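J.: Here's my sequence, what's the structure:
(one chain, ligands or ions: 4)
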Amino acid sequence: MPEQDQVTQVHELFDTVLILDFGSQYSHLITRRIREFGVYCELLPCTQKMADLHFKPKGIILSGSPYSVYDKDAPRVDPAVFDYGVPVLGICYGLQEMTLHMGGKVEACDHREYGHAMLTVTKHADHPFIDLLFEGMEGENGEMQVWMSHGDQVTSEPEGFRVIANTRTAPFAAIAHEEKHFFGIQFHPEVTHTLNGKTLLRNFVINICKCQDSWTMESFIDKEIERIRQMVGPVGHVVGAVSGGVDSTVAAKLMNEAIGHRFHAILVDNGVMRLNECQVVKKMLGDKMGIDIKVVDAADLFLGRLKGVEDPEKKRKIIGNTFIEVFEAEAALLDKEHGGEIEYLLQGTLYPDVIESISFKGPSATIKTHHNVGGLLEDMKLKLIEPLRELFKDEVRELGRLLGLDDELVWRHPFPGPGIAIRVVGEVTKEQVEIARLADHIYIEEIKKNGFYRQISQAYAALLPIKTVGVMGDKRTYEQAIALRAITTVDFMTADVFSSFEWFECLKRISSRIINEVQGVNRVFYDVSTKPPATVELC
Ligand SMILES: Nc1ncnc2c1ncn2[C@@H]1O[C@H](COP(=O)(O)OP(=O)(O)OP(=O)(O)O)[C@@H](O)[C@H]1O
Ligand SMILES: O=c1[nH]c(=O)c2[nH+]cn([C@@H]3O[C@H](COP(=O)(O)O)[C@@H](O)[C@H]3O)c2[nH]1
Ligand SMILES: NC(=O)CC[C@H](N)C(=O)O
Ligand SMILES: [Mg+2]
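T.: Numbering: from 1, shown residues only. Ligands and ions are numbered 1, 2, ... in the order given. From the prediction side, this is the model:
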């Protein structure tokens, strides 16, 4: 069986651009923008040594940074970047780092500059190569709108560099070295506020680095299926936890295309799934997609362990640990059944998870313990297989669409592993779960019926542990309350509240249905808090 490092890697199949991250808020956006026009790129921490790189990039981009190049602990790039022989583009801090390294000067500006600026490009008719960066970007009167965010700036360009653009306050807003193919810009092309910023990135990647724009989801599917086959070999089996969410379903579909019934999916019924969730998922993955799937009923085990527990973190930990236990036991059973041929564990890890774990600043503070199948089975000696490791969520959705998954599945709102347990505030009992579950079912049904589902990134109903007074059929009631949440977001790191006039009218109808149809509820609230300061889930 081939070892993992003999297996063809994604960057051997596609021209790759390397983005070195100095900790800017926008680094992952550079990656997104470049992939959008069909070039594969990877984000690695700025501490990456070029000698240790496991692929050969066709170009390198140095990101911005919250640091000043003169800070004591300012991050430094491996100088080998500048001897590597491929084009380099420095953005903001990246420009400043390149300038210092090449012998130019960087100083603190008199006025820090945040926001829009008008950029004027200087053409070099006798050096057409350096004009390539701004090709096709100028607006009327030769200026273009860019977005700046800096306190330092270049005050003297290094030897051999030419100034290729300036703003009123930044005389060295862009510089270039023709022979070395080095470019540096003070503004941020990766944010949408820089009009035409994507054209600049495209000019750099396609015209200057000469990358082929062959990174498409179609080509990814064929190559990934081939890669999985190489990895697993002709007889190996793979197990994977699936939830019916888009990530694990797309990963499972790829596995199924690659190795058919040698892939075994496990769905754990933890007692806190949505209404009819397990039957629906089993039907969808099993009957419709032909995946070998087993539903393990562990509802009593989970609910038993959650008895009397109110603390959100304790709930999350209990669920996380119980998931592992149940999954391990099932994987061991399957392994026996298949003569010990199970060698791999499938995970639906996405690129944002990878970025977070490789950040040179280290992982961010723990707000919540996300239930995690990652690192699940250390002592089981299973090797990991993560076909979506290079992809962003919207790429996974596109992949799902191309693999022929139903629209309904592709656009499913995310559903957290700990499920309704983190949507019942306070103790999780069967009765409380049932109330939240029914309310959620009505809520989502109405959202779909009224055409709001695709406009909302995630919606759910939660049960609040308070009782208030109401009046129903002339009788006093003293019952619990439901909180409805609906957010819009791109990456779930920040989120806005979904709102519109029509939506509010719809909410009133939903509230009335919930109070009428769900016993034990006499009041409905709509959560209008953004993230931050709130989070998406209540627990
Ligand atoms: N009930 C479950 N049974 C088995 N595995 C589960 C269950 N719930 C979650 N998992 C596992 O945990 C992983 C992470 O869950 P997560 O919700 O982040 O992803 P997803 O469910 O695949 O997609 P989505 O984010 O769209 O819900 C899943 O990919 C799956 O492997
Ligand atoms: O699989 C998961 N396991 C978890 O433990 C978990 N906790 C939160 N979420 C989902 O993550 C996104 C952000 O949620 P928060 O703002 O509440 O952290 C939202 O989409 C949440 O639904 C989870 N998903
Ligand atoms: N956005 C950036 O990369 C800023 C770089 C540096 N901190 C400055 O203020 O100039
Ligand atoms: Mg999920």
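J.: for the closest residue to ligand 4 within the stretch 101-250 of the chain, what are its contacts?
T.: Of the residues in the stretch 101-250 of the chain, the one nearest ligand 4 is residue 245, at a distance of 3.1 Å by Cβ to the ion. Backbone N, C-alpha and C define where each C-beta goes, glycine included. Contact analysis of residue 245 by Cβ atoms under 8 Å, 6 or more residues apart in numbering lists 348, 412, 414-415.
J.: cutoff 7 Å now
T.: Residue 245 is in contact with 412, 414-415, counting by Cβ atoms under 7 Å, 6 or more residues apart in numbering.
J.: Contacting ligand 4 as well, which ones from those residues?
T.: The subset of those within reach of ligand 4, by Cβ under 5 Å from the ion, is residue 415.
J.: Touching the helix or strand hosting residue 485 from outside, list them.
T.: Element membership of residue 485, judged by DSSP states H and E, is strand 475-488. When contacts are defined by Cβ under 7 Å, 6+ apart, strand 475-488 is touched by residues 435, 439, 443, 456-464, 466-471, 495-498, 507, 514, 520-527, 536.
J.: Now do the buried residues in it.
T.: Residues of strand 475-488 classed as buried: 477, 479-487 (neighbour count, 16 or more other Cβ atoms under 10 Å).
J.: which of these lies closest to residue 250?
T.: Using Cβ to Cβ, residue 487 comes nearest to residue 250 of the buried residues of strand 475-488, at 22.4 Å.
J.: What parts of this structure come near ligand 2?
T.: Contact residues (Cβ under 6 Å from any ligand atom) of the chain with ligand 2: 316, 368, 370-371, 414, 416-418, 458, 492, 531, 535-537.
J.: Got a quick ChimeraX command for the buried subset of those residues?
T.: Here is the ChimeraX selection string for the buried members of the residues of the chain next to ligand 2, based on 16+ other Cβ under 10 Å:
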select :316,371,416,417,418,458,531,536,537
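J.: Restricted to strands, list the residues of the chain next to ligand 2.
T.: residue 458 (DSSP state E).
J.: Now render the residues of the chain next to ligand 2 as JSON lines, adding distance to residue 307 and pLDDT.
T.: Output for the residues of the chain next to ligand 2, formatted as JSON lines (distance: Cβ to Cβ, whole Å; pLDDT from 0 to 100):
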{"residue": "316", "distance to residue 307": "16", "pLDDT": "94"}
{"residue": "368", "distance to residue 307": "22", "pLDDT": "80"}
{"residue": "370", "distance to residue 307": "23", "pLDDT": "76"}
{"residue": "371", "distance to residue 307": "18", "pLDDT": "68"}
{"residue": "414", "distance to residue 307": "27", "pLDDT": "95"}
{"residue": "416", "distance to residue 307": "21", "pLDDT": "95"}
{"residue": "417", "distance to residue 307": "20", "pLDDT": "93"}
{"residue": "418", "distance to residue 307": "16", "pLDDT": "96"}
{"residue": "458", "distance to residue 307": "28", "pLDDT": "98"}
{"residue": "492", "distance to residue 307": "31", "pLDDT": "84"}
{"residue": "531", "distance to residue 307": "30", "pLDDT": "89"}
{"residue": "535", "distance to residue 307": "25", "pLDDT": "94"}
{"residue": "536", "distance to residue 307": "26", "pLDDT": "96"}
{"residue": "537", "distance to residue 307": "21", "pLDDT": "97"}
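J.: Using a markdown table, please lay out the residues of the chain next to ligand 2 together with distance to residue 221.
T.: Output for those, formatted as a markdown table (distance: Cβ to Cβ, whole Å):
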| residue | distance to residue 221 |
| --- | --- |
| 316 | 35 |
| 368 | 34 |
| 370 | 28 |
| 371 | 29 |
| 414 | 23 |
| 416 | 28 |
| 417 | 27 |
| 418 | 31 |
| 458 | 27 |
| 492 | 25 |
| 531 | 33 |
| 535 | 34 |
| 536 | 30 |
| 537 | 33 |
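J.: just the residues of the chain next to ligand 2 that are near ligand 1?
T.: Within the residues of the chain next to ligand 2, those near ligand 1 by Cβ under 6 Å from any ligand atom are 414, 416-417.
J.: Count the neighbours of residue 308 for me.
T.: As a burial measure, residue 308 scores 9 neighbours (other Cβ atoms under 10 Å).
J.: how far away is whichever residue of the chain sits closest to ligand 3 from ligand 2?
T.: Residue of the chain nearest ligand 3, by Cβ to the nearest ligand atom: residue 64 (2.7 Å). To ligand 2, residue 64 is 25 Å away according to Cβ to the nearest ligand atom, to the nearest Å.
J.: Tell me which residues touch that residue, please.
T.: Applying Cβ under 7 Å, 6+ apart, we find residue 64 in contact with 22, 24, 26, 91-94, 188.
J.: which residue ranges form the strands in the stretch 251-400 of the chain?
T.: Using DSSP state E, counting those that start in this stretch, the strands of the stretch 251-400 of the chain run over residues 263-269, 292-297, 342-346, 383-385.
J.: sorry, back to before: within the sheet, what are the partner strands of the strand holding residue 485, with directions?
T.: strand 458-472 (antiparallel), strand 496-497 (antiparallel), strand 521-526 (parallel) (DSSP bridges).
J.: which one of the buried residues of strand 475-488 is nearest residue 219?
T.: residue 487 (33.5 Å).
J.: Apart from its chain neighbours, what residue comes closest to the closest one?
T.: Nearest residue to residue 487 in three dimensions, chain neighbours excluded: residue 495, at 4.1 Å (Cβ to Cβ, 6 or more residues apart in numbering).
J.: Next up, the contacts around that neighbour.
T.: Residues 487-489, 530-531, 536 are the ones in contact with residue 495 under the rule Cβ under 7 Å, 6+ apart.
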